[in-house]
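Chemist: Take a look and give me a structure for this.
(chains A and B)
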Amino acid sequence: MMLRFGGATLLAGLLLLLFCLLFYSFWVLWQRRGRLADIVLRPLRPAEALRSLLHRAAEMGEEVHLSPGRGTIHEPDAVTETTAGLNILQAAAKEALEVGVPVRATAGDSLVGALVEDRLERAWQAAGRPEVKVQGELLAQQDRLAYAVGAMDLLSRPEVQGNVMAGTLGEELLLMGEVGARQTRFQVVGAARPAAAAFLPMVTDDYLLGEELYAAGAYLEPRPERVVSLMAQDGVRMLLLGLILLGTILATVGVLEGVLGPLFQGLAP
Amino acid sequence: MLKRMVTVIVPWVLASTVGLLVLLHYFVDIPGLSLVFNGLVEWATIIAAFGLLLGLANVARVHGGRVIRRERDWPYSLVLLLSALGVLVLGLLPGSIGSGSRGVQWVFHYVLEPLATTFFSLMAFFLASAFFRSLRLRNLEAILVTVTAVVVLLGQVPLRLPWPFLEPIARFQEWLLQVPAMAGVRALLLGAGLGAMATAIRVILGLERPYTE
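Modeler: Reported below is the predicted structural model:
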């Protein structure tokens, strides 16, 4: 048995440890004090805007399209984005169904399609509005082109007037988002990949960029574990920010190479 | 109780155990664990293959129903079903080697790839359309993105040699890519990485269960 503590693994281990420590501490605080989240959570405009947009859609009698992107659930580079997207989808579906907005959800992978159906079912049961229409649709099987074409066709239908698309999205986001911007009344789009990031402000004002994609679930459906996890995530982020600033200053005055450089280089596997 | 055991507890225990094992394998090199890890990866591949079958069945059910009920755009559903069946037959013909067979490869090279290339080449027009809309709406972020894209494109075209006035633009685009764009991408990846880690920990601990109720 041998530890692989060197270079990036060391950093990942330390961050993981710190995250778990903060998560546990905030969890204990939550248990003792209760409404801690109201004090600590930063505002997230797209998540807050989603509610009012859905209410407006309900008044107009419009249908909304929901999607966790074209990602899979069994590939390491997409699983967390898709999970975050599914959380947003479920919360948005529940919110929409509660105010009487029909929901049409799509997926770009058969396993994710099954999960989307499951999330819609949960949202439908939680909303308690059996008369409102819910529909899940598998548009493609791990083919971003086919998924984009299917979603564009769906968004161009007159009955679909809202688009909430957050999860695994790459540059194909521009194609779908542009159709959404032209054909629908509102859209909330979220992506964490650099390839999609540049297109987000071009297609909507209400976008979730990078880590906001993972944070949105805690705002839309504030379960204790999600809120506490978000607080721990923010804590680690602040610490990293401080370390980067410190590192920049140390590197500028020429101290960093002699101290931290050998530590990471020497321990690299 | 039995239903809860099957739909909640067993999947949760399995997912958490497997998640912890894989996480442990990342930090600790245990020879026996490597075998388990490789086995798990094979299992994931097999399950994904079953997912493909599930997808095919779902597509056949949804689009077959549309054709039978003559719903809106049913001819497209028929084309989809016939195309899927055609590629399946090509891969299952006697003497065929599945996805590597000549017929399937022909479909990929001469139908799917040109379609994909053609479709993605439309992105330039979509970008232009998005830019003009952003200008109309005076969306500062979108205008910045587009102006940067134009500068980077101008800086990378091979017209620099006959037109020396493009040289400063080329130097500016290099700086743009190496300093602000790189910093932005790193910040984005760092934030997304932390978010992914938090989601993964919640899934491993069973606090978030995307796979079950």
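Chemist: List the buried residues for stretch B:78-97?
Modeler: Across stretch B:78-97, burial judged by 16 or more other Cβ atoms under 10 Å in any protein chain shown covers B:L80, B:L81, B:V87, B:L90, B:G91. For every residue, glycine as well, the C-beta is placed using N, CA and C.
Chemist: Does that stretch reach chain A?
Modeler: No - with Cβ under 8 Å from any Cβ of the partner chain as the criterion, chain A is not reached by stretch B:78-97; the gap is at least 9.7 Å.
Chemist: Need the residues that contact that stretch.
Modeler: Residues outside stretch B:78-97 that contact it (Cβ atoms under 8 Å, 6 or more residues apart in numbering or on different chains) are B:L56, B:V59, B:A60, B:H63, B:G64, B:V67, B:G98, B:S99, B:S101, B:G103, B:V104, B:V107.
Chemist: what residues are up against A:L200?
Modeler: A:L173, A:G177, A:V189, A:G190, A:A191, A:Y207, A:L209.
Chemist: Tell me, how many residues neighbour the residue of the stretch 151-269 of chain A found nearest chain B?
Modeler: Distances between the stretch 151-269 of chain A and chain B by Cβ to the nearest Cβ are smallest at A:Y214, namely 2.8 Å. Applying other Cβ atoms under 10 Å in any protein chain shown, we find 32 residues neighbouring A:Y214.
Chemist: Could you verify my assumption that it touches A:R237?
Modeler: No - using Cβ atoms under 8 Å, A:Y214 makes no contact with A:R237, being 11.2 Å away.
Chemist: what sits in contact with each of these two?
Modeler: By Cβ under 8 Å, 6+ apart, the residues touching both A:Y214 and A:R237 are B:L194.
Chemist: so what's the residue lying closest to A:H74 once chain neighbours are set aside up against?
Modeler: Nearest residue to A:H74, sequence neighbours excluded (Cβ to Cβ, 6 or more residues apart in numbering or on different chains): B:A48, at 4.7 Å. B:A48 sits next to A:T72, A:H74, A:L111 when contact means Cβ under 8 Å, 6+ apart.
Chemist: B:A48: helix or strand, and which one exactly?
Modeler: If you go by DSSP states H and E, B:A48 is part of helix B:31-68.
Chemist: Mind checking the pLDDT average for the very next helix or strand once past that helix?
Modeler: Sequence-wise, the next helix or strand downstream of helix B:31-68 (DSSP H and E) is helix B:74-92. Averaged over helix B:74-92, pLDDT sits at 89.
Chemist: again with stretch B:129-145
Modeler: For stretch B:129-145, the mean pLDDT works out to 80.
Chemist: Could you pull out the buried residues of that stretch?
Modeler: Buried residues in stretch B:129-145 (16+ other Cβ under 10 Å): B:S129, B:A130, B:F131, B:R133, B:S134, B:N139, B:A142, B:I143, B:V145.
Chemist: Next: stretch A:212-220.
Modeler: Going by 16+ other Cβ under 10 Å, stretch A:212-220 has these buried residues: A:E212, A:L213, A:Y214, A:A215, A:A216, A:G217, A:A218, A:Y219, A:L220.
Chemist: Could you export those to JSON lines, including columns for secondary structure and pLDDT?
Modeler: Output for the buried residues of stretch A:212-220, formatted as JSON lines (DSSP: H, G, I helix; E, B strand; the rest coil; pLDDT from 0 to 100):
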{"residue": "A:E212", "secondary structure": "helix", "pLDDT": "91"}
{"residue": "A:L213", "secondary structure": "helix", "pLDDT": "92"}
{"residue": "A:Y214", "secondary structure": "helix", "pLDDT": "91"}
{"residue": "A:A215", "secondary structure": "helix", "pLDDT": "90"}
{"residue": "A:A216", "secondary structure": "helix", "pLDDT": "90"}
{"residue": "A:G217", "secondary structure": "helix", "pLDDT": "87"}
{"residue": "A:A218", "secondary structure": "helix", "pLDDT": "87"}
{"residue": "A:Y219", "secondary structure": "helix", "pLDDT": "87"}
{"residue": "A:L220", "secondary structure": "helix", "pLDDT": "87"}
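Chemist: between those, which is nearest B:L115?
Modeler: A:L213 (29.6 Å; Cβ to Cβ).
Chemist: which residues touch the closest one?
Modeler: A:E81, A:A84, A:G85, A:I88, A:A166, A:G167, A:G190, A:A191, A:A192, B:A192, B:G195.
Chemist: can you count the residues close to the residue nearest to it when sequence neighbours are not counted?
Modeler: Spatially, and ignoring its direct neighbours in sequence, A:L213 is nearest to A:G190 (4.4 Å; Cβ to Cβ, 6+ apart). The local packing of A:G190 (other Cβ under 10 Å) involves 31 other residues.
Chemist: cool, B:R209 as well?
Modeler: Residues near B:R209, counting by other Cβ under 10 Å, number 15.
Chemist: Can you check my assumption that it lies in a helix?
Modeler: No - the assignment for B:R209, made by DSSP: H, G, I helix; E, B strand; the rest coil, is coil rather than a helix.
Chemist: Isn't it up against B:W12?
Modeler: Yes - between B:R209 and B:W12 there is a contact under Cβ under 8 Å: 6.2 Å.
Chemist: for the helix holding B:A48, which positions count as buried?
Modeler: Within helix B:31-68, judged by 16+ other Cβ under 10 Å, the buried ones are B:F37, B:A48, B:G51, B:L54, B:G55, B:N58, B:V59, B:V62, B:H63, B:R66.
Chemist: where does chain B dip in pLDDT?
Modeler: Flagging of chain B using pLDDT under 70 yields the residue ranges B:158-162, B:210-213.
Chemist: circling back to that earlier point, quick one: the residue of the stretch 151-269 of chain A closest to chain B from A:R122, how far?
Modeler: For A:Y214, the distance to A:R122 equals 20 Å [Cβ to Cβ, to the nearest Å].
Chemist: Check A:A215 too.
Modeler: 21 Å.
Chemist: check whether the one helix or strand A:Y147 maps to contacts chain B.
Modeler: In the assignment (DSSP H and E), A:Y147 maps to helix A:144-155. Yes - interface with chain B: helix A:144-155 contributes A:L145, A:A148, A:V149 (Cβ under 8 Å from any Cβ).
Chemist: how much does the helix or strand following that helix deviate in direction from helix A:144-155?
Modeler: For helix A:144-155, the succeeding helix or strand toward the C-terminus, using DSSP H and E, is strand A:160-168. Relative orientation of strand A:160-168 and helix A:144-155, computed by axes from the mean of the first three to the mean of the last three Cα atoms, to 10 degrees: 160 degrees.
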